[in-house]
Structures are given as C-alpha cells and as structure tokens.
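Participant: Return a 3D structure for these sequence lines:
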Amino acid sequence: MQIESSAIRNFLSRDLLDVFIRVGLLVFMLVLCGRVVAPFVNLALWSVVLAIALYPVHRRLAAHLGGRQGRAATVLVLAGLLLIGVPTVLLGASFAKQIQTGYDRFESGTVSIPQPRESVAEWPLVGERVYRLWQEAATNLPEFAQDNRETLGSLSRRAVRAAASTAGAVLLFLASLIVAGIVMAYGEPGSRAVGDIICRFTSRESGPPIQSLITATVRSVATGVIGVAFIQALILGIGFIWAGVPAAGLWALLVMVLGILQAPALLITLPVIGYIWTSGDASNSMNMVYTVYLGLGGLADNFLKPLLLARGVEAPMPVILLGALGGMVSGGIVGMFVGAVLLAVGYQLFMTWVAHGADAEDADADRAAETP
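Facilitator: Numbering: from 1, shown residues only. Have a look, this model is predicted:
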C-alpha cells in the first residue's frame, strides 16, 4: 500500500510535471509558428487550391515536354500571368486614366451629361427617382454635386476601397499562381508527403481515400462553382454584346461575381432585358430573341452545376454546395474550397462510421445465429 502511494506521489510530482512542461512548450511553439505563418495563410491556401485544380493540365503539358515538370510548371505560370496579369494591368491603367480625365473635366466645368429619356421614369420601383436625379445632374451638374456632396463623397470612398481591395485580390491571385507553379513542379513528392501526413493522423488504410476525396473536392468546386460562373458570364456576355447593351463587359463581370457568390444571374439579366425593351433600338421580334437567349443564359447554372459540381467526388452534390456556401460566408473565396473539403471529409468519415457500425451489428447477428 505504501509502495502504491509512493508511486502515485512520484507520478504526480515528477512525471505529471514533465508532461505539463512538454505540452506547454509544444503549445508555445505552435503559437509562435502560427503567428509567423499567419500573414501567408491566404497565399498558401490559394496556392494549394490552384496547384490541385491545375495539376491535371500540368501533367498533360509535362508529358508533351518530355516529362520536364519544372518546365511545364513555368509554361503554365507564364501563360496564366499573360492571360490574367497583362489584361488586368491594362484595364487598371485605362481605368485610372479615365478617372483622371473625368476629374480634370469636372474641375474645368466641361462635363456634360445627356438628358434622360422619358422611358427611364417608367422603370419599376426606382424609375421616377432615377429620372429626377439624372435630370438634375444633366441640367446643372455643379449644383447637383454641391447638394449631394456627402452622398457622392461616401460613394467615392467606397469605390476607392473597392478598387484597392480588388487590386489586392488580383495581386494575391497572381502571387499564388507563381507559388502554385513551384508546388506543381514538385507535385509527386509533395503528394506523397501530404499522404504520409494524412496517414499519420488517420491510418494507412483510410489515408489514401481521404487524400483522394480532398483532391477531388477542390477540383469539383473549382469547376462546379468558378467554372460555371465563368461559362455563364461568357454566355451572357456574348448576349449583351449581341443585343448592343452598353458596358457589356462590365455586366458580364458582375454576372461572374454573382455566380461565384451563388446569387442568381437573373439579378442582372432581368434589368438588362427591361432596358432592351424600353430602349426601342430593335424590333419586337429581335427583342423577343434577346429575351429568350438572356433568360436561358441566366438559368444556365441550374443545369450546369449538377453536371460539374461533385463530379468524381464520393459525396452528394448538396453536401459540396452547402460546404462551399458556408465556407464562402465565413472565409471568402478561399473559404469556399476549405468549407467544401471539410464538409465532404466529415460526411465521408461519418458515413464510414455508420457503415462500420452496421457491419458490426451484422457480424454480431451472424454469430448469434450460428450459436446453437
């Protein structure tokens, strides 16, 4: 009895203290590492998402280049920078020039706004107010600006913040694309390392399926959410240009943003259809053609998502979509991928647990039936 009491006191005084010290040091190191890595979390997440989504393209390109992984990644990154970076820089420069030109014209008093059409007042809900404000601005712009100075100032500040946020997001995306190229160049050893980490947390049997599920989920969200939004924006953008809608590219960009946010494209297409009918620039038959085309284009995501979302993933499409929506609300665009992956993995683990329980019950029933 005295020996057991001595062993307990020894454990409480020395061993337990050692455990507390080791755990404390481990937590301290994790906190320090987290603070060091925190500024690069978004960059790292975006890089991993892009690397996973683009890796099939990288492998096919590497096969055409004689298996040179680094060269294939370099070509893919340069192509992405040229396709995204150059138009973004040109668009930003043109936008800044237009703002400067508009400001100079406003200061010199040479800005002229055309009078609104009478049909503007017939717009639903906001027609009369828009017509009145438009007419005031067209009649006497300096007085209109003075009367609405606070509102215009607030809108200007919001526009500047939105432009700065957009520019930061584009730069983050381009930097992530470069880092993703490095990740893809070492894709095979990196995949093995990630597989070993997952197996260490789970087991050698369940690790590979979980890794495959994560990879398929990221690619599914990339094609089923962002891909569908891009396709729908392209379809509607062609329709906007065909119908002669002003600023067709801007409306197509808004359609893509709404598609990523999982908002219906009809929020854009319905006002555009109303503009087409009220502008009077085409015949009724052509207006009907434009209406049918834009209406079908606005509903295209309803049959594209079931085809592309959750394709090749061992999880139902509503689970992937729900995870993407919840992740986007809590963490933005990157959270959309993280949320979909977490919910898909959680769903798979839960269903595996349910299946194991059912198998155990069946085994017990079989043993009970065999017992005489």
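
Participant: Would you state the strands of the stretch 151-300 of the chain in chain order?
Facilitator: Read by DSSP state E, counting those that start in this stretch, the stretch 151-300 of the chain holds no strands at all.

Participant: for it, what are the low-confidence residue spans?
Facilitator: Within the stretch 151-300 of the chain, the ranges that satisfy pLDDT under 70 run 152, 159, 162-166, 261-262, 280-282.

Participant: So which residues of it form helices?
Facilitator: 187-201, 207-221, 228-242, 248-260, 266-279, 284-298 (DSSP state H, counting those that start in this stretch).

Participant: Reformat those into JSON lines and put distance to M29 and mean neighbour count next to each item.
Facilitator: C-beta coordinates here come from the backbone N, C-alpha and C atoms, glycine included. Listed next are these as JSON lines, based on distance: least, CB to CB, whole Å; neighbours: other CB atoms under 10 Å:
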{"stretch": "helix 187-201", "distance to M29": "18", "mean neighbour count": "13"}
{"stretch": "helix 207-221", "distance to M29": "25", "mean neighbour count": "21"}
{"stretch": "helix 228-242", "distance to M29": "41", "mean neighbour count": "20"}
{"stretch": "helix 248-260", "distance to M29": "38", "mean neighbour count": "18"}
{"stretch": "helix 266-279", "distance to M29": "49", "mean neighbour count": "17"}
{"stretch": "helix 284-298", "distance to M29": "53", "mean neighbour count": "16"}
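
Participant: which one of the ones you listed lies closest to P114?
Facilitator: helix 266-279 (13.8 Å; CB to CB).

Participant: quick one, the closest one and helix 284-298 angle?
Facilitator: Relative orientation of helix 266-279 versus helix 284-298 (axes from the mean of the first three to the mean of the last three CA atoms, to 10 degrees): 170 degrees.

Participant: What helices and strands are in contact with helix 266-279?
Facilitator: Helices and strands touching helix 266-279, by 3 or more CB pairs under 8 Å, 6 or more residues apart in numbering; DSSP states H and E, are helix 228-242, helix 248-260, helix 284-298.

Participant: Now tabulate the helices of the stretch 151-300 of the chain in JSON lines and tack on distance to W46.
Facilitator: Formatted as JSON lines, the helices of the stretch 151-300 of the chain follow (distance: least, CB to CB, whole Å):
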{"stretch": "helix 187-201", "distance to W46": "16"}
{"stretch": "helix 207-221", "distance to W46": "11"}
{"stretch": "helix 228-242", "distance to W46": "17"}
{"stretch": "helix 248-260", "distance to W46": "14"}
{"stretch": "helix 266-279", "distance to W46": "27"}
{"stretch": "helix 284-298", "distance to W46": "29"}
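
Participant: was I right about L322 contacting L343?
Facilitator: Yes: counting by CB atoms under 8 Å, L322 does reach L343; the two are 6.4 Å apart.

Participant: higher neighbour count, the two?
Facilitator: Between L322 and L343, counting by other CB atoms under 10 Å, L343 is the more crowded of the two (21 against 15).

Participant: sorry, back to before: to Y131, which of the helices of the stretch 151-300 of the chain lies closest?
Facilitator: Nearest to Y131 among the helices of the stretch 151-300 of the chain is helix 266-279; the distance by CB to CB comes to 12.0 Å.

Participant: what about the closest one, distance to the chain center?
Facilitator: 27 Å (CA atoms, centre = their mean, to the nearest Å).

Participant: Repeat that for stretch 288-305.
Facilitator: For stretch 288-305 - counting by CA atoms, centre = their mean - the centre lies 22 Å from the chain centre.

Participant: Also stretch 297-312?
Facilitator: 16 Å.

Participant: export it as CSV, just CAs?
Facilitator: Below are the C-alpha coordinates for stretch 297-312, written out as CSV (Å, rounded to 0.1, in the frame of the first residue of the first chain):
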residue,chain,number,x,y,z
GLY,A,297,-28.4,32.1,-70.1
GLY,A,298,-29.5,33.4,-66.7
LEU,A,299,-30.8,29.9,-65.9
ALA,A,300,-27.8,28.0,-67.3
ASP,A,301,-26.3,27.4,-63.9
ASN,A,302,-29.3,25.4,-62.8
PHE,A,303,-28.3,22.5,-65.2
LEU,A,304,-24.5,23.2,-65.3
LYS,A,305,-24.0,22.7,-61.6
PRO,A,306,-25.4,19.2,-61.3
LEU,A,307,-23.2,18.2,-64.3
LEU,A,308,-19.9,19.7,-62.9
LEU,A,309,-20.3,20.0,-59.1
ALA,A,310,-19.4,16.9,-57.1
ARG,A,311,-18.3,15.1,-60.2
GLY,A,312,-16.0,12.3,-59.2
